[in-house]
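Chemist: Provided below for reference: sequence and predicted model.
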Amino acid sequence: MAVSKEKSVKASKKTSKVKSSNFSKETYIKWYKDMLLIRKFEEKTGQLYIQQKFGGFCHLYIGQEAIAVGTASASKKGDKHMTAYRDHGHPIALGTDPRILMAELYGRTTGCSKGKGGSMHFFDKNVGFMGGHGIVGAQIAMGAGVAFAEKYNETNNVVYVSMGDGAVRQGILHETFNMAMLWNLPVVFIIENNNYAMGTSVERTTNVLELSKIGLSYDMPSESVNGMSPEAVHESIKKASDRARKGNGPTLLDIQTYRYKGHSMSDPQKYRTKDEVSDWIEQDPIKHCYDLIKKNKWLTDKKLDDISDWVKNEVKECVEFAENSPYPDGKELYNDVYMDKDYPFIIEY
Ligand SMILES: Cc1ncc(C[n+]2csc(CCOP(=O)(O)OP(=O)(O)O)c2C)c(N)n1
Ligand SMILES: [Mg+2]
C-alpha cells in the first residue's frame with residue numbers, strides 16, 4: 001500500500017525545525033560537494049550495473065544522502081560507523097577514496113574489501129567504516145558489540161549504527177536495546193526510515209507508526225528527525241553523540257528519508273505512486289544546499305561549475321581505476337576466512 005501524498009509530505013515536514021544559520025558556509029559547501037559525489041557515483045553505478053559491468057546485488061542510496069553527510073560532519077575521528085547493504089554513501093561521506101569503492105563493485109583486488117565483498121560489503125577501517133552488512137538487522141547487535149569494545153577500551157569514541165525501517169522488526173533489536181541501555185554503551189541507533197522494506201510500507205507492518213517510540217520501552221532517549229535536512233541530521237547526531245561521550249548511553253533517532261530509486265536494481269515499484277516520489281524529490285537535500293550557496297553568494301557560478309566538473313572527473317577516474325585493476329587470484333578464496341583450528345570436521349586445504 002503506497003503512503004498517501006499528504007501523509008508522506010506531512011511526515012517529513014513535521015520534524016523540520018532547524019535554522020540554516022547555525023552552520024558555516026564551509027559546512028554547506030562540504031555537504032554539497034560530498035552529496036553530489038555520492039549521487040553521481042551512484043547514478044554511474046546504476047548505469048554500469050544495467051550494462052552488466054558487475055553483478056551481485058546493488059541497492060542505491062539516492063535520496064538518503066543527507067543522513068550520511070550530516071552524521072559524518074557531526075562525528076569525530078575515531079568514531080565508528082556501520083550500516084546495512086545500502087552502503088555506498090556512508091564511506092564516501094567519511095572520506096574513503098571512491099576509486100576503491102568502485103573497484104569493490106567490480107570485484108577487483110584494489111577494492112576496499114579486496115573484491116570479495118561487492119556492493120553490500122564495503123568496509124574501510126581507516127575512516128571508521130565497519131561495514132556494509134547484508135543480513136537485515138545483524139549490524140544492530142554487532143554495532144552494540146563495537147560500542148562495548150570502545151567503552152571497555154575507554155576510547156571515548158561513539159558508534160553510529162544505521163538500519164532500515166524494516167530492520168526494526170527484527171527481534172535482535174530488542175535484545176540489543178536492552179543490553180545497550182543496561183551497559184550504558186556509547187552508541188547511536190539510527191533508523192534510516194525510507195518508509196519501505198522492499199515493497200512493504202511501515203504502516204503495513206506495525207500499529208506504532210512513530211518508530212522513535214520503540215526506544216521508550218527501554219528508557220532510551222529517542223526522537224524523530226527530518227532526514228532530508230543535513231542540518232537536522234547533524235544537530236540530532238551531535239546531541240546524541242555528546243550524550244554518549246559523557247557516559248550517558250544510547251540514543252535512538254528515527255530519521256525520516258526517502259529512496260528515489262527502487263529497493264534494488266530490479267524493482268517495478270508498484271507499491272508507490274509517482275506523485276509520492278516527486279513530493280520527496282522536491283525536498284532534495286542537494287538542491288537545498290545548492291540553493292543556499294547561490295542565495296548567499298558563497299560561491300560564484302564558476303566555482304559551482306568547478307565542483308560539478310571535479311565530481312564528474314572523480315567518477316570517471318573511479319571507473320577507469322576499477323576497470324584497469326586485476327581480479328583476485330583463485331586462492332584468495334581461502335584468505336580472510338575465519339577458521340577455528342580446533343573445530344572438528346574442518347578439512348584443511
Ligand atoms: C535476515 C534477513 N531477512 C530478509 C532479508 C531480505 N531483505 C533484504 S533487504 C530487505 C528489506 C529491508 O528493508 P529496510 O530495513 O527498510 O532497509 P532499506 O532497504 O529500506 O534500506 C529484506 C527483507 C535479508 N537480507 N536478511
Ligand atoms: Mg526501508
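Modeler: Structure received. Ligands and ions are numbered 1, 2, ... in the order given.

Chemist: show me what contacts the residue of the chain found nearest ligand 1?
Modeler: As assessed by CB to the nearest ligand atom, ligand 1 sits closest to Gly164 within the chain, at 2.1 Å. C-betas here are computed from N, CA, C, even on glycine. Residues near Gly164 by CB atoms under 8 Å, 6 or more residues apart in numbering: Ala84, Arg86, Val136, Ile191, Glu192, Asn193, Asn194, Ala197.

Chemist: give me the three-state assignment for the first one.
Modeler: Pointing back at Ala84 there. Assigned by DSSP: H, G, I helix; E, B strand; the rest coil, the conformation of Ala84 is coil.

Chemist: that one contacts Gly131, doesn't it?
Modeler: No: counting by CB atoms under 8 Å, Ala84 does not reach Gly131; the two are 9.3 Å apart.

Chemist: mind listing the shared neighbours of those two?
Modeler: Residues touching both Ala84 and Gly131 (CB under 8 Å, 6+ apart): Gln139.

Chemist: okay, these two: which has more neighbours?
Modeler: Taking other CB atoms under 10 Å, Ala84 and Gly131 do not tie; Gly131 has more neighbours (27 against 24).

Chemist: quick check: that one is in a helix.
Modeler: No: going by three-state DSSP, the assignment for Gly131 is coil, not a helix.

Chemist: just to revisit the earlier point, ligand 2 next: which of the contacts of Gly164 are close?
Modeler: Asn194, Ala197 (CB under 5 Å from the ion).

Chemist: which residue, other than its chain neighbours, is closest to Arg169?
Modeler: Residue nearest to Arg169 in three dimensions, not counting chain neighbours: Thr205, with 5.9 Å by CB to CB, 6 or more residues apart in numbering.

Chemist: to clarify, my last question referred to Glu175.
Modeler: Counting by CB to CB, 6+ apart, Glu175 lies nearest to Ala141, which is 7.2 Å off, once chain neighbours are set aside.

Chemist: give me phi/psi at the residue in the stretch 51-200 of the chain that ligand 2 sits nearest to?
Modeler: Residue nearest to ligand 2 within the stretch 51-200 of the chain: Gly164 (3.6 Å; CB to the ion). Torsion angles at Gly164 (phi, psi; degrees, to the nearest 10) stand at phi -90, psi 170.

Chemist: tell me what the helix or strand hosting Ala232 is packed against?
Modeler: Per DSSP states H and E: Ala232 is located in helix 230-245. Packed against helix 230-245 by the contact rule (3 or more CB pairs under 8 Å, 6 or more residues apart in numbering; DSSP states H and E) you find helix 65-74, strand 187-193, strand 222-226, strand 251-256, helix 285-295.
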